[in-house]
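J.: I'd like to go over a predicted model; first the sequence, then the structure.
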Amino acid sequence: MKQGIFKISENKKLVENVYRMVLVGDTSDITACGQFINIQLDGLYLRRPISVCDCDETAVTIIYKVVGKGTEQMSKMIVGDTLDVLTGLGNGYDLSLSGNAPVLLGGGVGVPPLYMLAKKLVAQGKKVSVILGFNTQSEVFYEQEFKDLGCDVTVTTVDGSYGVKGFVTNAYPNDYTYFYTCGPEPMLKAIYKTSKTSGQMSFEERMGCGFGACMGCSCKTIAGYKRICKDGPVMQKEEILWED
């Protein structure tokens, strides 16, 4: 984990209430797809954890949804503004288990961390399928960006206004070797029950500290409770014990 000051070089609205922000600064502690950063905002006590969408040597890209005071404040920031950011948080995805034809399933703002993962898997020569789930057509984002990487992309919408009607679990490819996913807990639970292979799940959770000190974001596993911020946010399918 590293703390640094980052400068905003982009803060662009993608769809209603969803924005992409590019932050320029020291990204050397971001070492795995699926990690997150934790942003300090003026006047707010707790930092805001946001998944990493993409990263290079000089900048990190995040995509966030306006859901409260913190993200609303972020949406009003402009190019040149600076933010105090903790980087390199969380464990990230393990790419070595993917096999030759992994499928990536993302729901809503669970889509962004799958982008950097897809990029890495494609670079390894994998045949990557991506399923993006949204409520309706007006919420769809990053379909073309995944296609531009060379992924086979399917979009699902709950109301059937675009793509396949239903949920991401209605659109599994005919054969896949492994799955990676990120999204709301009901979606993760559905994938847990319907997936035919092993896989990794990234949990979205409200956090206090973001680096394992407060135990405020614990998840029940076969090895006891694990902290989503420190031991996760990525968990193996087989280790998760779902609460009824």
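T.: All right, it came through fine.
J.: Which residue ranges make up the domains of this structure?
T.: 2-89, 95-199, 205-244 (automatic domain parsing).
J.: From the chain's centroid, how far away is the strand ranked longest in the chain?
T.: Longest strand in the chain, counting residues (DSSP state E): strand 2-15. Strand 2-15 has its C-alpha centroid displaced from the chain centroid by 16 Å (CA atoms, centre = their mean, to the nearest Å).
J.: could you give me the average pLDDT of that strand?
T.: Per-residue pLDDT values over strand 2-15 give a mean of 97.
J.: Stretch 65-76 too?
T.: Throughout stretch 65-76, pLDDT has a mean value of 96.
J.: same deal with stretch 23-42?
T.: Stretch 23-42 comes out at a mean pLDDT of 96.
J.: re the thing from before, next SSE after the longest strand of the chain?
T.: Next in sequence after strand 2-15, counting helices and strands by DSSP states H and E, comes strand 18-24.
J.: Output the domains of the chain in JSON lines, with mean neighbour count appended to each entry.
T.: The way it works is simple: take the backbone N, C-alpha and C, and place the C-beta from them, glycine included. Listed next are these as JSON lines, based on neighbours: other CB atoms under 10 Å:
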{"stretch": "domain 2-89", "mean neighbour count": "17"}
{"stretch": "domain 95-199", "mean neighbour count": "19"}
{"stretch": "domain 205-244", "mean neighbour count": "16"}
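J.: So which elements touch the longest strand of the chain?
T.: Applying 3 or more CB pairs under 8 Å, 6 or more residues apart in numbering; DSSP states H and E, one finds that strand 2-15 makes contact with strand 18-24, strand 59-65, helix 69-75, strand 82-89.
J.: Now do the longest one against strand 2-15, angle only.
T.: What separates the directions of strand 82-89 and strand 2-15 is an angle of 100 degrees, with axes from the mean of the first three to the mean of the last three CA atoms, to 10 degrees.
J.: quick one: which of the helices and strands packed on strand 2-15 is nearest Q144?
T.: Ranking those by distance to Q144, with CB to CB as the measure, places strand 18-24 first at 13.3 Å.
J.: So what are the sheet partners of the closest one and their directions?
T.: Within its sheet, and counting by DSSP bridges, strand 18-24 is paired with strand 2-15 (antiparallel), strand 59-65 (antiparallel).
J.: for D81, what are its contacts?
T.: If you count contacts by CB atoms under 8 Å, 6 or more residues apart in numbering, D81 has them with K7, I8.
J.: now the chain, which segments are flagged as low pLDDT?
T.: Across the chain, the ranges flagged by pLDDT under 70 are 204-232, 243-244.
J.: remind me, longest helix of it?
T.: Scanning the chain for the helix with the most residues, using DSSP state H, yields helix 112-123.
J.: Next SSE downstream of it?
T.: Counting by DSSP H and E, the element after helix 112-123 in chain order, helix or strand, is strand 129-134.
J.: returning to that earlier point: what packs against the longest helix of the chain?
T.: On a contact count with 3+ CB pairs under 8 Å, 6+ apart, helix 112-123 meets strand 48-55, strand 102-107, helix 143-149, strand 178-183.
J.: follow-up on the earlier one: mind putting the strands paired with strand 18-24 into CSV with distance to G25?
T.: Formatted as CSV, the strands paired with strand 18-24 follow (distance: least, CB to CB, whole Å):
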stretch, distance to G25
strand 2-15, 4
strand 59-65, 7
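J.: of all those strands, which lies closest to D42?
T.: That would be strand 2-15 among those, by CB to CB, at 13.4 Å.
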